[in-house]
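J.: Any chance you can model this:
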Amino acid sequence: MKILVGIKRVVDANVKVRPKADGSGMDLANAKMAMNPFCEIAVEEAIRIKESRNDVEVIAVSIGSGVCQEQIRTALALGADRGILVETDGDVPPLSVAKILKEIVLKEQVNLVILGKLSIDSDNNQVGQMLAAILDYPQGTFACSVELSDDQIKVSREVDGGEQTVLLKLPAVVTTDLRLNEPRYASLPNIMKAKKKTIDVITPKDLSVGIDSKLKILDVSPPYERSAGVKVESVKELVDKLRNEAKVI
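T.: Prediction:
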């Protein structure tokens with residue numbers, strides 16, 4: 001069995017980023033980079049499945065510049081068997097990411113794809129669903145628990161009334177939510193072993209996938225600062241302000 005795990009390099013979740021002065025994008029110069037937190041959860045789940053079976057190979061895939069090898073090495077240190085870097089400069093739109101992953105899934109004959117539900121930089125929440133659609137695979141999104149058997153996987157997610165559970169026949173696509181697991185830390189011996197593991201470097205052209213985006217960023221600006229609140233003396237005054245100033249009633 002082969003499990004493909006998607007990995008994205010993003011700004012560390014604890015770093016506060018600011019837009020560039022010209023509004024052309026975010027200022028990422030000297031910003032600390034890390035693996036997307038939801039991707040960490042996806043890697044951890046793939047490793048747990050591997051540890052519970054004897055026939056699993058975990059392949060970590062990232063799309064981006066050469067520096068993304070750092071995050072792939074982290075996944076290898078956590079327990080992934082090998083990595084694939086689809087090397088390209090610039091941002092890759094979600095649909096192109098899904099098409100790239102599709103080609104790798106078919107080439108590697110992957111049985112299960114595990115992705116983070118979204119990346120914390122773009123917040124799109126699109127790649128997993130798009131990938132399942134173009135592969136025509138069943139999908140389980142926002143997983144809070146998974147249970148794998150020989151040819152199917154049970155995926156549960158939290159909903160307003162409790163949990164919703166679906167049973168998917170493999171091959172399938174699963175996206176992870178925060179409550180699925182707690183990612184581990186890589187040990188020093190495993191970090192050293194990861195340096196010897198294989199990372200194959202290819203390009204979108206090798207997969208016959210175009211990555212031109214049809215979206216253009218016009219301007220990036222910080223959110224408006226919230227103004228201070230005011231105290232009211234009575235319910236009548238509150239209703240008056242809601243009706244005449246805020247115009248919400």
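J.: Which residue ranges of the protein form helices?
T.: Here the chain has its helices, by DSSP state H, at 37-52, 69-78, 94-108, 127-135, 188-194, 235-244.
J.: check contacts around K50.
T.: I3, V56, E57, V58, G79 (CB atoms under 8 Å, 6 or more residues apart in numbering). Quick note: C-beta positions are derived from backbone N, CA and C, even for glycine.
J.: Nearest to E44 among those residues?
T.: G79 (8.8 Å; CB to CB).
J.: Hmm, that closest one is touching S187, no?
T.: No: using CB atoms under 8 Å, G79 is not in contact with S187, being 10.3 Å away.
J.: Just give me how far the helix or strand of the chain with the lowest mean pLDDT sits from the chain centre.
T.: None of the helices or strands of the chain scores lower by mean pLDDT, DSSP states H and E than strand 26-27, at a mean of 83. Centroid separation between strand 26-27 and its chain, computed with CA atoms, centre = their mean, to the nearest Å, is 20 Å.
J.: Does anything pack onto that strand? Which helices or strands?
T.: When contacts are defined as 3 or more CB pairs under 8 Å, 6 or more residues apart in numbering; DSSP states H and E, strand 26-27 sits against strand 18-19.
J.: Each with direction, which strands does the strand it packs on pair with?
T.: Sheet partners assigned to strand 18-19 using DSSP bridges are listed as strand 26-27 (antiparallel).
J.: Show residues contacting the strand it pairs with.
T.: Outside strand 26-27, the residues within contact range by CB under 8 Å, 6+ apart are V11, V17, R18, P19, K20, V220.
J.: Now for the residue nearest in space to the middle of the chain: which residues touch it?
T.: Taking CA atoms, centre = their mean, the centroid of the chain lies closest to G116, which sits 3.5 Å from it. For G116, the contact set (CB under 8 Å, 6+ apart) comprises G6, K8, N36, P37, F38, C39, E40, I41, A42, T175, T176.
J.: need those residues in JSON lines with neighbour count, pLDDT and distance to E108, can you?
T.: Formatted as JSON lines, the contacts of G116 follow (neighbours: other CB atoms under 10 Å; pLDDT from 0 to 100; distance: CB to CB, whole Å):
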{"residue": "G6", "neighbour count": "27", "pLDDT": "96", "distance to E108": "13"}
{"residue": "K8", "neighbour count": "23", "pLDDT": "96", "distance to E108": "19"}
{"residue": "N36", "neighbour count": "24", "pLDDT": "96", "distance to E108": "21"}
{"residue": "P37", "neighbour count": "18", "pLDDT": "95", "distance to E108": "25"}
{"residue": "F38", "neighbour count": "22", "pLDDT": "96", "distance to E108": "22"}
{"residue": "C39", "neighbour count": "30", "pLDDT": "96", "distance to E108": "18"}
{"residue": "E40", "neighbour count": "23", "pLDDT": "97", "distance to E108": "22"}
{"residue": "I41", "neighbour count": "24", "pLDDT": "97", "distance to E108": "22"}
{"residue": "A42", "neighbour count": "32", "pLDDT": "97", "distance to E108": "16"}
{"residue": "T175", "neighbour count": "28", "pLDDT": "97", "distance to E108": "19"}
{"residue": "T176", "neighbour count": "32", "pLDDT": "96", "distance to E108": "20"}
